[in-house]
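Colleague: Below are the sequence and a predicted model for it; my questions follow.
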Amino acid sequence: MSKQYFLAFDLGASSGRAILGILENKKLNLVEVHRFKNQMLHIHGTWYWNIFSLFDELKTGLKKCIADFNIQPGSIGTDTWGVDYALLNKEGHAVGLPFAYRDHRTDKSMEEFFKLMPPKETYLLSGIQFLQFNSLFQLFSSVQTKYSGLSIAENLLFTPDFLNYLFTGEKKIEYTIASTSQLLTPGKAEWEPRLFKAAAIPIKLMGEIVQPGTEIGKLLPEIQAETGCREIPCIAVASHDTASAVVSVPAKGENWAYLSSGTWSLLGIESPEPLVSEKTLEMNFTNEGGVEGTTRFLKNIMGMWLIQECKRIWDEEKELGWQEIVDLSNGAQSFRCFINPDDPGFLNPGNMPGAIQDYCKKTGQFVPQTKGEIARCIYDSLVLKYKFTIKQVESVTGKKIEKLHIIGGGANNKMLNQLTADALGIPVFAGPTEATAIGNIMIQAKAMGAVNSLAEIRDIVSRSFEVVEYSPSPKLDWEAAYQKFENLH
């Protein structure tokens, strides 16, 4: 089999990369072509994404692939975080900069929406976990505030869809990213009109939904001229980053769970159908679209954001490496205090160490003072939240989870991986760390006929990348710690 080349653009909330995938003899190699920062813009009290700067970085990645590596990719694909979107006017131009999901304009939107449609009905219609920044509540906020951009908008495109549009001029909405919006019928590529009606969101904004692996169109002549590329196809991959990450889970058999560990911790299972009930509503689980008709039944947990934000504050005094933070936490006593990682106070507090101290004080616990104590509080709490969530999954499915696959950047944290295995009492398999880019690349490969199925993709991943096993060997009383942690919920 000759070499085939695919270029993945993988955008996270704090950074983005262009990753070249080289597929040969059913093995995949990755080359990082370009890396860049992504950060929200704070303008007149509102948080936005600088989407056009990001698009420039993607074009730079494509240009570098061709000029520096002398490789014309066979296709490109883009994945991003969920829920955020751009609005287009009738001329096809963006209506301002897209809002960022951590903007505070949605702080009260859920409560206001529930006055019009109760939580139970909203959940049974959508199957999506309640988070104040879901697209439904973002759009409802714009309706409530009479945002003029909404009144002149003709189309809505989610972040990766908008970037695909800038590349091709084609307006298509990819299924997995659409499923994060809380505007779809569970498990179906269909808009739910009752949700639009309740929120007074114009349903005319929403266009055609396409499945992962669909060709959106060819790159525009202006892109070809600017980057030196040929007329290559732009593929709608599983364009929600978690959906791409789950594609690359090197799992076999059944009764496994995944943890996509990055800014967010996405913990759940791959289900053949949505799991939507009053019980899953009470637990606040989400049912997002996957590939090949699967559903990602999972919970969004505030993840490495907690550490990232602490590091940002600590770096003002003296820059710390990630491993330094792990080492400091290792030197601190375990289980002195816990947080519920999903407390709304941690969404965007400005000063994360202070927010953690305030939470511990408010809940009558030991208040961590040192960097190590704060980091240890975060790590212990995340692991116990994983245990809490796995127990919930098992109670819904009636099946025991036998192993956990940790993918994404968080899989590099050896201490956290071992603590997770110890707390859960099951083997943990860590890797691949570049899960999202791999999933993006492999759906491109499937679209271009290089692979045939999700099972084949996972077989290629398992043979191409190192996976490290962590066996449970608990040295701490995790059950006693869990009882204390559970009282915070």
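Modeller: On my side now, so go ahead.
Colleague: C-alpha only now, for contacts and for neighbours.
Modeller: OK.
Colleague: State the number of residues packed around I201.
Modeller: 18 (other Cα atoms under 10 Å).
Colleague: got the contact list for it?
Modeller: 139-140, 143 (Cα atoms under 8 Å, 6 or more residues apart in numbering).
Colleague: any idea whether it is helix, strand or coil?
Modeller: Secondary structure, DSSP: H, G, I helix; E, B strand; the rest coil: I201 is coil.
Colleague: which one of the contacts of I201 has the most neighbours?
Modeller: So for the contacts of I201 (other Cα under 10 Å), the most neighbours sit at L139, 24 neighbours.
Colleague: before we move on, which element is it in?
Modeller: Per DSSP states H and E, L139 falls inside helix 135-144.
Colleague: after that helix comes which helix or strand?
Modeller: Defined by DSSP H and E, the subsequent element after helix 135-144 is helix 148-151.
Colleague: Toward the C-terminus from that next one, list the very next helix or strand.
Modeller: Taking DSSP H and E, what comes next after helix 148-151 is strand 155-158.
Colleague: what sits up against that next one?
Modeller: Residues contacting strand 155-158 (Cα under 8 Å, 6+ apart): 82-90, 171-173, 177-178, 204-207.
Colleague: Check the average confidence over the lengthiest helix in the chain, would you?
Modeller: Counting by DSSP state H, the longest helix found in the chain is helix 371-397. Across helix 371-397, the average pLDDT comes to 98.
Colleague: Which other helices and strands does the next helix or strand after it contact?
Modeller: Counting by DSSP H and E, the next helix or strand C-terminal to helix 371-397 is strand 403-407. Judged by 3 or more Cα pairs under 8 Å, 6 or more residues apart in numbering; DSSP states H and E, strand 403-407 is in contact with strand 256-261, strand 428-430.
Colleague: Need the contact partners of strand 403-407.
Modeller: 245, 249-251, 255-261, 417, 426-435.
Colleague: what comes up buried for the next helix-or-strand element following that strand?
Modeller: Next along the chain after strand 403-407, taking DSSP H and E as the criterion, comes helix 414-424. Neighbour counts using 16 or more other Cα atoms under 10 Å place 416-424 of helix 414-424 among the buried residues.
Colleague: for the longest helix of the chain, the distance to its chain's centre please.
Modeller: Relative to its chain's centre, helix 371-397 lies at 18 Å (Cα atoms, centre = their mean, to the nearest Å).
Colleague: and the angle from it to strand 256-261?
Modeller: 150 degrees (axes from the mean of the first three to the mean of the last three Cα atoms, to 10 degrees).
Colleague: What separation do you get for G127 and D241?
Modeller: Distance of G127 to D241, computed by Cα to Cα, to the nearest Å: 19 Å.
Colleague: ok, back up a step: name the residues of the longest helix of the chain that are buried.
Modeller: For helix 371-397, by 16+ other Cα under 10 Å, it's 371-390, 392-393.
Colleague: filter the contacts of strand 403-407 to the buried ones?
Modeller: The buried subset of these - by 16+ other Cα under 10 Å - is 245, 249-251, 255-261, 417, 426-435.
Colleague: Please enumerate the strands of the stretch 101-250 of the chain.
Modeller: Taking DSSP state E, counting those that start in this stretch as the criterion, the stretch 101-250 of the chain carries its strands at 155-158, 173-174, 209-210, 214-218, 233-236.
Colleague: Which strands and helices lie in contact with the second one?
Modeller: What it means is strand 173-174. strand 209-210.
Colleague: same question, the longest one
Modeller: Packed against strand 214-218 by the contact rule (3+ Cα pairs under 8 Å, 6+ apart) you find helix 159-168, strand 233-236.
Colleague: Can you give the contact residues for that strand?
Modeller: By Cα under 8 Å, 6+ apart, strand 214-218 touches 164, 168, 170, 172, 231-237, 447.
Colleague: one more time with 7 Å, if that's ok
Modeller: Here strand 214-218 makes contact (Cα atoms under 7 Å, 6 or more residues apart in numbering) with 168, 170, 172, 231-236, 447.
Colleague: the domain parsing of this structure - what is it?
Modeller: 4-241, 249-431+452-489 (automatic domain parsing).
Colleague: and of these, who's closest to N440?
Modeller: The closest of these to N440 is domain 4-241. By Cα to Cα, the value is 5.7 Å.
Colleague: distance between the ends of that closest one?
Modeller: 23 Å.
Colleague: can you give me the mean pLDDT across that domain?
Modeller: pLDDT averaged over domain 4-241 gives 97.
Colleague: Can you say which of the strands of the stretch 101-250 of the chain is packed in most?
Modeller: strand 173-174 (a mean of 28; mean count of other Cα atoms under 10 Å).
Colleague: With mean pLDDT and distance to V33 added, can I get the helices and strands packed on strand 403-407 in JSON lines?
Modeller: Formatted as JSON lines, the helices and strands packed on strand 403-407 follow (pLDDT from 0 to 100; distance: least, Cα to Cα, whole Å):
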{"stretch": "strand 256-261", "mean pLDDT": "97", "distance to V33": "23"}
{"stretch": "strand 428-430", "mean pLDDT": "98", "distance to V33": "24"}
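Colleague: quick one, which of these is nearest to F52?
Modeller: Nearest of those (Cα to Cα): strand 256-261, 27.3 Å.
Colleague: Quick check: neighbours of the closest one in the sheet, parallel or antiparallel?
Modeller: strand 264-271 (antiparallel), strand 403-407 (parallel) (DSSP bridges).
Colleague: Could you dump those into CSV with distance to T363 and mean pLDDT added?
Modeller: Converted to CSV, the strands paired with strand 256-261 look like this (distance: least, Cα to Cα, whole Å; pLDDT from 0 to 100):
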stretch, distance to T363, mean pLDDT
strand 264-271, 24, 96
strand 403-407, 31, 98
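Colleague: So which of those strands is the most surrounded?
Modeller: Mean neighbours per residue, mean count of other Cα under 10 Å, is largest over these for strand 403-407, with a mean of 26.
Colleague: which residues are contacting stretch 246-264?
Modeller: 242, 245, 265-269, 300-305, 399-411, 435, 438-439, 458-459, 461-462.
Colleague: repeat that with 6 Å
Modeller: 266-269, 301-305, 401-410, 435, 439, 458, 461-462 (Cα atoms under 6 Å, 6 or more residues apart in numbering).
Colleague: Report pLDDT for the closest residue to I313 other than its chain neighbours.
Modeller: Leaving aside its sequence neighbours, I313 sits nearest to N351 (Cα to Cα, 6 or more residues apart in numbering; 6.8 Å). For N351, the pLDDT comes out at 98.
Colleague: measure N351 to E316 for me?
Modeller: From N351 to E316 the distance is 12 Å (Cα to Cα).
Colleague: These two: who's more crowded?
Modeller: Neighbours per residue (other Cα under 10 Å) separate N351 from E316, with N351 holding more: 14 against 9.
Colleague: hang on, the earlier thing: among the domains of the chain, which comes closest to I443?
Modeller: domain 4-241 (5.6 Å).
Colleague: Which residue, other than its chain neighbours, is closest to A375?
Modeller: S329 (5.3 Å).
Colleague: Now for the one you found: which residues touch it?
Modeller: Counting by Cα under 6 Å, 6+ apart, S329 has contacts 372, 375-376.
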